[in-house]
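Undergrad: just the structure for this:
(one chain, ligands or ions: 1)
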Amino acid sequence: MVYSSCQLKLGQALWDPKLKNLYLTHITFIGGGTMACAILDGLAESMSTTLKPGQAPEHTFSITTRRQERTMQLSERYPRAYVTDSNDDGRLWELARNDESTAHIVLICTKPQSTLEVCQSIRLAHKSIPAAYNLPIVVTMCPGITIAQLESWLNPHSHSNRFPVVRTMPNTPVSIRQGATALVPSRWASASEVDCVVTFFRVFSPCVEVLPKETLLDVAAAVSGSGPAWIFQYYKSLIEAAVQWGLPEDLARSLIMQTGIGASMLANEQPEISLSSMISDVCVPGGSTEKGIKRLVDLGLQEAVADAVGTSLGANHRMGGHPSL
Ligand SMILES: O=C(O)[C@@H]1CCC=N1
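TA: Next up is the predicted model:
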């Protein structure tokens, strides 16, 4: 299933009334690093708040960061956020308290190594929540850390009142609402809860649910989560080549960026046309592009890319080998 973009209105019932009606009221970012800020930047422009009757949240978001000096920077950059340097801050979880009609997303945006500790904080903060109330939806973006691991850290003893979990893999262009997000929900997440997470991510990226196997999320992470780096690396090589042949760097950069945007848009708008055919369209038979492409292929571009993606995937899988991470 592919979900295209939408507007997010916090506090508005977002779901098909045939499903359980949930109001998304608050989003907690655990970790205030690159991905948290990319998402917050993507949200900043596009979000409006429609309060549920009788409800007046002071803060739309919460952000936690380990470094105290960073709390000030984040508060200035995101004035609607409650910023704290502790995942065990009582106020953090009070702001996010749900009743039976509200939903709250906790996004784990820390380094993968901190996930276990973060899950422990989330679990402890919700230890005394009555069974009828909604637990927050725990959303991760750590490749390799499985739903089974997350559930064992969040719900070590109980088989009832489980935290709904959704694994996601967004990428850095979410900051300009041009991201791509792959996701896979746990079987304990209800249709409304999955809709809630999808609606959230659709603000800054089309989302795709990877089926049928959870491990495919790691493949998506290797090509799409890491993807901007693959593309930037290729652009960097093109720019360096252009500069070697005398083109000024700024000119090379702007020509190559626009070429990348145009080529991506062209390919995206015509999904029925293969990339091989689009390459042929550029190549005059026996001409310069054809010769250059042949050289790239002969030098092993395909093997190099496959090897790099495999290496990245292997690293993601090793990450899942917790507790050593
Ligand atoms: O490099 C990493 O580990 C993460 C995964 C996807 C993008 N960055």
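Undergrad: make it CA atoms for all contacts and neighbour counts henceforth
TA: Will do.
Undergrad: skipping adjacent residues, who's closest to Arg123 in space?
TA: Excluding its sequence neighbours, the residue lying closest to Arg123 (C-alpha to C-alpha, 6 or more residues apart in numbering) is Leu154, at 5.6 Å.
Undergrad: same thing with Trp188?
TA: Spatial nearest neighbour of Trp188, excluding adjacent residues (C-alpha to C-alpha, 6+ apart): Pro164 at 5.5 Å.
Undergrad: tell me the contacts of the residue nearest to Arg123?
TA: 119-120, 122-123, 162-163 (C-alpha atoms under 8 Å, 6 or more residues apart in numbering).
Undergrad: just the ones of those residues in helices?
TA: Mapping the contacts of Leu154 onto helices (DSSP state H) picks out 119-120, 122-123.
Undergrad: neighbour-wise, give me the winner out of those.
TA: Neighbour tally across the ones in helices among the contacts of Leu154 (other C-alpha atoms under 10 Å): the maximum, 22 neighbours, falls on Ile122.
Undergrad: so who does the residue lying closest to Arg66 once chain neighbours are set aside touch?
TA: Among residues not flanking Arg66 along the chain, Asp85 sits closest, at 5.1 Å (C-alpha to C-alpha, 6+ apart). Contact partners of Asp85, counting by C-alpha under 8 Å, 6+ apart, are 64-68, 71.
Undergrad: now with 6 Å?
TA: Neighbouring residues of Asp85 by C-alpha atoms under 6 Å, 6 or more residues apart in numbering: 64-66, 68.
Undergrad: how about these in CSV, adding pLDDT and secondary structure?
TA: Compiled in CSV, the contacts of Asp85 are given as follows (pLDDT from 0 to 100; DSSP: H, G, I helix; E, B strand; the rest coil):
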residue, pLDDT, secondary structure
Thr64, 97, strand
Thr65, 96, coil
Arg66, 92, coil
Gln68, 88, helix
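Undergrad: how far off centre is the one helix or strand Gly314 maps to?
TA: Assigned by DSSP states H and E, Gly314 falls within helix 301-319. Offset of helix 301-319 from its chain centre (C-alpha atoms, centre = their mean, to the nearest Å): 20 Å.
Undergrad: for the nearest residue to Ser186 once chain neighbours are set aside, list each beta-bridge partner.
TA: Distances taken as C-alpha to C-alpha, 6+ apart place Val165 nearest to Ser186, at 5.4 Å, with adjacent residues excluded. Taking DSSP bridges as the rule, Val165 bridges to Val138.
Undergrad: what sits closest to Cys119 if chain neighbours are left out?
TA: Leu154 is the one closest to Cys119 (C-alpha to C-alpha, 6+ apart), at 5.5 Å.
Undergrad: how confident was the prediction at that neighbour?
TA: If you check Leu154, the pLDDT there is 93.
Undergrad: for the longest helix along the chain, what is the average pLDDT?
TA: Using DSSP H to define each element, the chain has its longest helix at helix 249-269. In this model, helix 249-269 carries a mean pLDDT of 96.
Undergrad: by contact count, what packs against it?
TA: Packing partners of helix 249-269 (3 or more C-alpha pairs under 6 Å, 6 or more residues apart in numbering; DSSP states H and E): none among the helices and strands.
Undergrad: now do that helix: distance to the chain's middle.
TA: 24 Å.
Undergrad: likewise stretch 173-192?
TA: On C-alpha atoms, centre = their mean, the centre of stretch 173-192 falls 7 Å from the chain's centre.
Undergrad: list the buried ones in that stretch?
TA: Neighbour-count burial for stretch 173-192 flags 173-175, 177-186, 189-190, 192 (criterion: 16 or more other C-alpha atoms under 10 Å).
Undergrad: ditto for stretch 95-103
TA: Using 16+ other C-alpha under 10 Å as the test for burial, stretch 95-103 gives 95-99, 102-103.
Undergrad: same list, those, but as a markdown table with pLDDT and secondary structure please.
TA: Shown next, in a markdown table, are these (pLDDT from 0 to 100; three-state DSSP):
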| residue | pLDDT | secondary structure |
| --- | --- | --- |
| Leu95 | 84 | helix |
| Ala96 | 81 | coil |
| Arg97 | 80 | coil |
| Asn98 | 77 | coil |
| Asp99 | 75 | coil |
| Thr102 | 79 | strand |
| Ala103 | 83 | strand |
